[in-house]
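Enquirer: Return atomic coordinates for the entry below.
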Amino acid sequence: MEENNTNYDLGKKFEEEYKKIEQSIQKPNILLAGATGVGKSSLINMIFGEDVAQVGTGKPVTQRIDIYESADCDVKIFDSKGYELADSDDDEFYDTVINMAAKTQRPEDAIHMVWYCIASNGARVQDYDLRALDAFTKCNIPIAVILTKADTPSEEEISEMRAQIPARFMDSIFETSTKNEEYNQTKALVDWSIARLPESLRFAFIKSQKIDLKTKQKTARKYIKQQCALAFGVGFAPIPMSDAPLLVANEMSLIARILYLYDLGSVSDIIKTTGLSSMLGGLLTNLGKSAVANLIKMIPGIGTVVGGAISGSVGSIITAGVGEAASVTAYQISNAKLSGDYAKAEDLIHNFGPTIMSIASEWIKSGKKVEDLPE
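Expert: Residues are numbered from 1 along each chain as shown. Okay, the predicted model is just below:
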C-alpha cells in the first residue's frame, strides 16, 4: 500500500509540474509581413509544424492582422494579410501593420520580432518592400528578411536580390524552400530568433519550433544541470532509505519540463491516463533506492551514506542520469517523428518508463558524474 501511495504521489507530482509549466509559459509574438503569395503560411508550417497556420485559431485584430494560436504551438503568430504589389501607395498597411509593431501594446500582444518575407522568384526586391523594411527598422525590434521559394531562382539571381537589400540586414537574411533542403536556412533563422528573444520567451519558442532538435537537447541539459544542483542540496538532508521518493520527486519535475520542451504531450498523456505514472514512479523510486544502497560500491569515491542519509553527490548523479535518459529518449521520439518513422516513435512513447530506466541505470553504472553531461 505504501508503495502504491508513493507511486500515486509521484504521478500526481508529474501532473502538477506539467500543468504548472503549461500555465506559466510566456509566449513570444512574431509578426509576419510581406506581399500576397510569398509563402508566409508555408514558412510557419515548416518551422512550427504542419498546418499551424491553417488549424490555429485565427482571431482578427484588425482588417489587416489575424492572430494565430494553436494548442501545439506556444508562439503567437500575428499574420498580416499581404498587400498587393500594385497598391504601392497602400497606406492602410502602414496605419495598421507597421503601427502595431511600433506602438506599445498590452504585454501579451507586444510584437517581439518581425519576419519579413520576400519571394525570391520575383527577380527583384520591390520598392514597397524596401519602404516597409525601413519603417519596421524604426520600430526598434529585430527583423529577419526571408527570401522564400529560394529553390526557384539561380544563385546569381539570389545574390542580386541580396545586394538590393540594405546592408544593415546582411546578417539577418535567410533563404527558405519547401521543396529543396539545399536552399533551406530555416535552422539558421531559428537560431537567429532564439538569440534575439528575451530570455523569458526563449523556452516557449524552442519548445514550439519543430526543426532544430539539437537546440532542444542543449536546453534540456541546461535544465538537467539546474535540477542536479537542487538534488545536491536535497541530498544533504537526512533522508531515510524508505523516503528516497522525496529526492525522486525532484526528478519527476525535471522529466515534466523535458517532455514539455520536446513538445511531447503524447507521452505526458500516456503517463497521466494509462497508469504509466505509477510504473514510472516505481522505476524511479527503485533507482533512487538502489543508488543509495549500491552506487557507492560501483563508483569508488562517489561519497558515503552516513546514518541513512543520501549524500549530495549521489543525489545529483541520480538526477543527472535520469534527466539525461529522459532527454535522450525524448530526442529519439522527436527524431523518429521528423524522419517519418511513426511506428518507432509510438514504440518509444509506450515504453518511455522502461527505456529511461535502462538508459539511466547504464549511465549511472558507467561512473559518470554531473560534469560529464555534454554542453
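
Enquirer: partner strands of the host helix or strand of I146, parallel or antiparallel?
Expert: Assigned by DSSP states H and E, I146 falls within strand 143-148. Here strand 143-148 is paired, per DSSP bridges, with strand 113-119 (parallel), strand 173-175 (parallel).

Enquirer: What are the buried residues along the helix or strand following that strand?
Expert: As assigned by DSSP H and E, the chain's next helix or strand after strand 143-148 is helix 155-164. Under the neighbour-count criterion of 16 or more other CB atoms under 10 Å, helix 155-164 has 157-158, 161-162 buried. C-beta: built from backbone N, CA, C; applies to glycine.

Enquirer: who does helix 155-164 touch, helix- and strand-wise?
Expert: Using 3 or more CB pairs under 8 Å, 6 or more residues apart in numbering; DSSP states H and E as the contact test, the elements touching helix 155-164 are strand 143-148.

Enquirer: Taking helix 155-164 as reference, get the angle to the strand it packs on.
Expert: Interaxial angle of strand 143-148 relative to helix 155-164 (axes from the mean of the first three to the mean of the last three CA atoms, to 10 degrees): 160 degrees.

Enquirer: E157 against S120, yeah?
Expert: Yes. Contact status for E157 versus S120: in contact at 7.5 Å, counting by CB atoms under 8 Å.

Enquirer: quick one on the thing from earlier: looking at the strands paired with strand 143-148, which one is packed in the most?
Expert: Most buried of these by mean neighbour count (mean count of other CB atoms under 10 Å) is strand 113-119; its value is a mean of 23.

Enquirer: quick one: average confidence on that strand?
Expert: Mean per-residue pLDDT for strand 113-119: 91.

Enquirer: Buried ones in the longest helix along the chain, by neighbour count?
Expert: Using DSSP state H, we find that the single longest helix of the chain is helix 312-338. Within helix 312-338, the residues that count as buried by 16+ other CB under 10 Å are 312-334, 336-337.

Enquirer: Quick check: next helix or strand after it?
Expert: Past helix 312-338, the next helix or strand by DSSP H and E is helix 342-350.

Enquirer: ok, and what's touching that next one?
Expert: 264, 266-267, 270, 329, 332-333, 336-337, 355 (CB atoms under 8 Å, 6 or more residues apart in numbering).

Enquirer: Figure out which of the strands paired with strand 143-148 is closest to S200.
Expert: When those are compared by CB to CB, strand 113-119 sits nearest S200, at 14.3 Å.

Enquirer: Not counting its own residues, what contacts the closest one?
Expert: When contacts are defined by CB under 8 Å, 6+ apart, strand 113-119 is touched by residues 28, 30-35, 37-40, 43, 101, 125-126, 129, 132-133, 136, 139, 141-149, 161, 189, 193, 196-197.

Enquirer: among those, which ones are buried?
Expert: Here, 16+ other CB under 10 Å leaves 28, 30-35, 38-40, 43, 101, 125, 129, 132-133, 136, 139, 141-149, 161, 189, 193, 197 buried among the contacts of strand 113-119.

Enquirer: Out of the residues you listed, which sit inside helices?
Expert: 40, 43, 101, 129, 132-133, 136, 161, 189, 193.

Enquirer: Can I get these in a markdown table including pLDDT?
Expert: As requested, these are exported to a markdown table (pLDDT from 0 to 100):
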| residue | pLDDT |
| --- | --- |
| K40 | 86 |
| L43 | 89 |
| A101 | 71 |
| D129 | 87 |
| A132 | 84 |
| L133 | 89 |
| F136 | 86 |
| M161 | 88 |
| L189 | 96 |
| S193 | 96 |
